[in-house]
Each structure stands twice: as structure tokens, then as C-alpha cells.
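Below is the sequence, then the predicted model.
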Amino acid sequence: MTALTQPAVTPSPSPRSRPARFFRWMRSDMRAVFSISFLVLLLLIAVLAPVIAPYGANDQNVSQLLASPSGAHWLGTDDLGRDVLSRLIWGAPNSLYASFLAVLVAVVLGLPIGLLIGFLGGWFDEIVSRFIDALLSFPPIVLAIAVTGALGIGLTNAMLAVGFVFAPFLARLVRAQTLVVKGALYVDAARGFGASTPHIIVRHILPNAIQPVIVQVTLMLAIALLAEAALSFLSLGVQPPAASWGGMLARAYNYIEIAPEQMYAPGMAILLTALAFNALGESMRVALDPTMKRR
Amino acid sequence: MNKLPRLIGRRLLQFLPIVVFATFVVFGLLQLVPGDPALSLAGDYATTQHLAEIRHEYGFDQPLIVQYGIWLWHAAQGNLGLSLFSSEPVSQLIRDRLPNTILIALYALIVASAIGIPLGVLAATRNGSKLDSFVTASASLGVALPSFWLAMILALQFSLYRHWFPTTGAAPFFSDPFGALSHATLPAIALAVGVVATLARQVRSDLLEVLNQQYMRTLRAKGLSSGAILWKHGLRNVSATLLTLVGLQVNRLFSGAVVIEAVFAIPGVGSLVSYSAINKDFPVVQGVVLVLVLIVISVNLAVDVITALLDPRVAAA
């Protein structure tokens, strides 16, 4: 990879205002519009859960166990007589918190390590990279389960574990990006001007290596959400009586023969949210990739 | 023909550090547990004498590196300790359950490759068509679908309602192959969907890249039929990456198997590891994780060797 193939930082082509450009982009990418709208709506629901949920997360109506949808309970009630719609709404903040926490941990661990080994190279890179290879050989959920078991079960520990499992993926990506950017002329120039190593890494390498990382982080939010659901399903994540979509599925599964409709709503919530994160990631990949603009 | 052993030897050397680091991670799991590791290993009802015995046996009174050495020495001899829960040898527990996990993982891998790879090829050769958009859209859906939710829906529709397949459990493959396969079918399908999506997507983009190369235009100009171009030049060029890609799915399948085994109550190592993690049965957790990571590394090593053998540049060297 030579410096010549580096995408030049394009100066904004039109003097048009920021909002105008934003709307033009929105018109050109409906998928991004849908996914962003969905995620904003979900975020609002998560923040406003105490206001908009028709019932408390653990309010029980013991005369209505596993009830079908009705005017009072739009999505029915679960085995303890709790309103499914309300629990779905109360589950949103937990599920989003879980995804963001896991990805945050992955970034905090993976980004600096990737930058450092990519920039320094040599035997240090050699050793850390083999360690990363080793971590990547573990089946991700299995390793996350083992780490959660060691740290103690619960949503936060489970997501710390998932973040730890994700970190090597990110470190490897950042390392590869750093290697590409490191050879660029402007890095040599900065060094020629006497810039220090931390300055070069933070001011020159990081901003130019970050784009694929942003895309990857968005895609990781979807995987983290699915991991949260899986771990909560296995009762390693969120602990009852707290609500989470994976936990709701686990409960619904116990009553699959009596009330099979219980499992559709939480499953759809997970699927739609994961789709939205993925679609956003794909749209960002296209938007950030200068070679794909003309397609 | 001494090239092959040399090649395998070289790859083994490259994989050795990965194996060493992986065992170190498995050993380190116990260090993550807050508090005295001897206490975690002894369980809740340990006597002081039992604790002292464990400390001595595992070398907890010695430096970490010595402890690691002791653990590794035991593990290399197949001694993974005893389950805190059932007091059975961990190696025995794993030996009993591993075949069930391997069966659904392998079944899923075969189903996924048989569907995902042709789909990817079709989408790439009809790039931009309705079929292509359909495959691409389905792949996005498949990637985002929680496999255990799909498993629940499959269990409901095809075993509870229609009784086509047994709902739960597993059967031994060698004494009852038909029963084993019918037990494994729904789990394998649930497991395969995500892999189908990944394979179709990746095969499509890899093949598109090859088909858009300059020499493809030359071949077409020479008058080669599109079938010949695809089979002789397109697919041959992606076969190596394809093999690597399929190899990479193994560790994903083991991941998925954990949750799928819980849904279908399959006595495999996946359900064993989640159950043991909840019950703080650390020797079992460590044992399962170690065995699975060693399988994944071996598969990757095998894929690496085969890819190298397929590559004429390596074969000539």
C-alpha cells in the first residue's frame, strides 16, 4: 500500500449549508433514514420507559396469567400476569445499555492496543498479535460464558465479558488500518517536523484509521445485542425480575405449549433492533467509502 | 515427497504460540474469579483440610507460572480435574457430550455450505437482478436473526404442532443414526441460518471481485462461455478463501450451539458449559473451553495446510 492510494481528504465540494447536505444524503439513502428513525424512536422509548409503559415492569395481575392480547394488555400477559408490552418497553433500556456497554469495553481495550501494536511493530506486535489470534480462536459466546461465570453472573458482568471477547476483533482491525496509514507521506512529514510519537498517533494515525472502526463498531452493536439476548436467555445475563428481551424469550420458552404467542414480540424487538444497527453500519460503510460514492 | 511433512511442520510451529496463549487464557479464567481460587474449586461446603489439599494439589501456594505448569501438565495427560457438582472427571463429562455438539455443528455446516455457497454464486453471476437483491436482503435478515428465537419457532411449528421431529434430546449417532439425525435436524437448521447468510454474502462479494478483474474481460473476449469462465476461473480463484471462510464458521457454530442446545435440551458441551458457569463449576468450564478452542485451532490448522497445498505457488516452492 503506497501513499498514493490513500484517499485524499476531500474538501467539501459544495458551499451548501450542512442541513441541506444532510437532507440530500437522507434522500439518497432511505435505508439509513429508516434505521436511524427506528433507533432514535427506540432510544426515546428506552429513556421514557417510566412515562410511556402502561404498567410497571413487575406489576402483576394475578387474575390474568398468560392472557391473550386484549384492550387492557395489548400484547397479553406473561406467566406471572405481567403486561408483556410494558416489559418489552422496560426491557429496551436494559438491552440498549447492554449493547453499548459491551461495545464501549471493546473500543476502550481494542482501539489503543491496535494502534500501539500497529504503530510500534516489531517483536511487541508479533507477541500481542499471536495473543490476539489465540483469543480469536475461542468460540465467542463460549468464552463470554466462561468469563461471565468467573466474574459472577449478571447483566453488567456478562456485557463486560462480551466486550472483552469483542476487543481482539477491533484491535486486529485497528492494527491493520494503522499499518496502512503509518506508511503515508504525511506521517513521514510530521515526523520530519519533529512531532512526538503520541502526537503522531493521536493527531495523524487515529483520525485516518478510524473510519472502518466506526463502521465495525456500529455492526458490533447488533452482535452485542444478540449476545445479550443469548446470555440472558441462558440466565447468565439480566437477572429476574428485571426485564430484558432475551430473558422474556427464556420465560416464554417455558410456556411454549400453553402460550406460544408470548415469544413473538421480544424476538421481533431483538430482530428489528439488530437489523437497524446492521443497516446503519452498512450505510455508513457506503457513505464513508470514497470509492463507493459514485455507485 | 517430503514437502508435505515440512509444510505441516512449519504451520505447526506457527500455531504453537497460539495454542500456548490459548491455554494461558483458559488457565487465567480461574484467576478472574474474585477471592481464593482454592475456595472456588472446593465448592461451598469444603472443610479446611480439603482446602489445604486443593491448595497443595493445584500448587496455589506456588508462583502463578508454576501453577500454570501444573495445570498444563495435568491437562496434557487428559486430567482436567473433577466436576465440583457431580465429582465426575471433567474429561469423561466432555467425552460423553462432545459427540452431540459435533453432530449438530457438522450437520449445520454441511447444510449451510450446501445452501449458502450456491446462493452466493447465483447472486454474483446475476449481479443486480431481482434474485441478487433477494439473496442480499435475506442475508441481512439471516445475520440479524437471533438463532435461538428461530429455534423456538421451529420447535413449535415442526415438533409441537406437526410432530415431524422430536422436540428435545439427542440420540447416539452410531447405534441409532436415523434417530440421531432426526433429533439434530431442527437444531442444525436453526444453527445454519446465520452461517448461510454469512457464506452467501461473502461468496457473492469475493466472486464479484474476481469476475470484475481485467483477465475476466480477456477471457470473455476470447470467446469462452460464461459457464466455463465461472467454473474454470471464477470459482477456482475463490476456492481457497472459501475454504478459509468455512473453517472460520466452526468457532461460530460452537458459539451458536451453546444456545441452541439449551433450546432443544441437547446434552452437549454447550449446555454443559452454560450450566456449569451458572453453578460456578470451574473445572468443567475450563475443560470445555479448552477442548473447544483446541478443536477450533486444529480445524484452522488443517484448513491452512489444505489451502497451502491447493495454492500452486506454495506447491512449487
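It's in.

What ranges does chain A have for its helices?
For chain A, the helices defined by DSSP state H cover A:18-28, A:30-47, A:49-52, A:84-120, A:122-136, A:140-151, A:155-182, A:185-192, A:197-199, A:206-233, A:245-254, A:264-288.

List the residues that contact B:His50.
B:Ala42 (CB atoms under 8 Å, 6 or more residues apart in numbering or on different chains). Backbone N, C-alpha and C define where each C-beta goes, glycine included.

quick one: low-confidence parts of chain B?
B:1-2, B:43-44, B:312-317 (pLDDT under 70).

Quick check: which element contains the residue in it positioned nearest to chain A?
The minimum distance from chain B to chain A, using CB to the nearest CB, falls at B:Ala277 (2.9 Å). Assignment of secondary structure by DSSP states H and E places B:Ala277 within helix B:269-278.

tell me what that helix is packed against?
When contacts are defined as 3 or more CB pairs under 8 Å, 6 or more residues apart in numbering or on different chains; DSSP states H and E, helix B:269-278 packs onto helix A:140-151, helix B:90-125, helix B:235-264, helix B:282-310.

which residues are in contact with that helix?
A:142, A:145-146, A:148-149, A:153, A:234-236, B:83, B:85, B:93-94, B:97-98, B:100-101, B:254, B:257-262, B:265, B:281-282, B:284-285, B:288-289, B:291-292.

Quick one: neighbours of the residue lying closest to B:Ala144 once chain neighbours are set aside, just the number.
Using CB to CB, 6 or more residues apart in numbering or on different chains and skipping the chain neighbours, the partner closest in space to B:Ala144 is A:Ala274 (3.8 Å). By other CB atoms under 10 Å in any protein chain shown, 25 other residues sit near A:Ala274.

Could you do B:Leu51 as well?
16.

What residues does the stretch 51-200 of chain A have near chain B?
Counting by CB under 8 Å from any CB of the partner chain, the residues of the stretch 51-200 of chain A lying close to chain B are A:130-131, A:133-135, A:137-143, A:145-153.

May I see the helices and strands packed on helix B:269-278 organised as TSV, with distance to A:Ile117 added?
Output for the helices and strands packed on helix B:269-278, formatted as TSV (distance: least, CB to CB, whole Å):
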stretch	distance to A:Ile117
helix A:140-151	21
helix B:90-125	32
helix B:235-264	22
helix B:282-310	21
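
Please name whichever of those is nearest to B:Ala192.
helix B:90-125 (4.1 Å; CB to CB).

Name the residues of the next helix or strand after the closest one that are buried.
Later in the chain than helix B:90-125, the nearest helix or strand by DSSP H and E is helix B:130-144. The neighbour-count check on helix B:130-144 (16 or more other CB atoms under 10 Å in any protein chain shown) flags B:132, B:135-136, B:138-140, B:142-144 as buried.

Tell me what angle the following helix or strand past helix B:130-144 forms with helix A:206-233.
Using DSSP H and E, the next helix or strand after helix B:130-144 towards the C-terminus is helix B:147-154. Orientation check (axes from the mean of the first three to the mean of the last three CA atoms, to 10 degrees): helix B:147-154 against helix A:206-233 gives 40 degrees.

Spit out the contact partners of B:Gln249.
Counting by CB under 8 Å, 6+ apart, the residues that B:Gln249 touches are B:109, B:112, B:195, B:198-199.

ok, now how distant is it from A:Val238?
29 Å (CB to CB, to the nearest Å).

give the contact list for A:Trp245.
Taking CB under 8 Å, 6+ apart as the test, what A:Trp245 contacts is A:88, A:91, A:95, A:229, A:232, A:266-267, A:269-270.

re the thing from before, what is the neighbour count of the residue of chain B closest to chain A?
Neighbours around B:Ala277, by other CB under 10 Å: 28.

okay, now B:Trp231: neighbour count?
12.

and if you look at B:Val20?
13.

that's a helix at it, yeah?
Yes - secondary structure of B:Val20 (DSSP: H, G, I helix; E, B strand; the rest coil): part of a helix.

ok, now which ones touch it?
Contacts of B:Val20 by CB under 8 Å, 6+ apart are A:Ala134.

and the two most separated of the contacts of B:Gln249?
B:Leu109 and B:Thr198 (11.8 Å).

still on that earlier bit, okay, the helix holding B:Ala277 in CSV with CA atoms only?
Output of helix B:269-278 as CSV, limited to C-alpha atoms (Å, rounded to 0.1, in the frame of the first residue of the first chain):
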residue,chain,number,x,y,z
VAL,B,269,-20.9,-29.5,25.7
GLY,B,270,-22.6,-26.2,25.0
SER,B,271,-25.4,-26.8,27.6
LEU,B,272,-22.7,-28.2,29.9
VAL,B,273,-20.6,-25.0,29.8
SER,B,274,-23.5,-22.6,30.4
TYR,B,275,-24.9,-24.8,33.2
SER,B,276,-21.5,-25.1,34.8
ALA,B,277,-20.8,-21.4,34.5
ILE,B,278,-24.0,-20.6,36.4
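
what's the angle between that helix and helix B:235-264?
50 degrees.

Leaving out sequence neighbours, find the closest residue to A:Val215.
For A:Val215, the spatially nearest residue (CB to CB, 6+ apart) is A:Arg285, at 4.6 Å.

Can you give me the pLDDT of the one you found?
We have a pLDDT of 84 for A:Arg285.

Pull the number of nearby residues for it.
A:Arg285, neighbours per other CB under 10 Å, totals 17.

what's the distance between it and A:Ala184?
Counting by CB to CB - A:Arg285 and A:Ala184 are separated by 21 Å.
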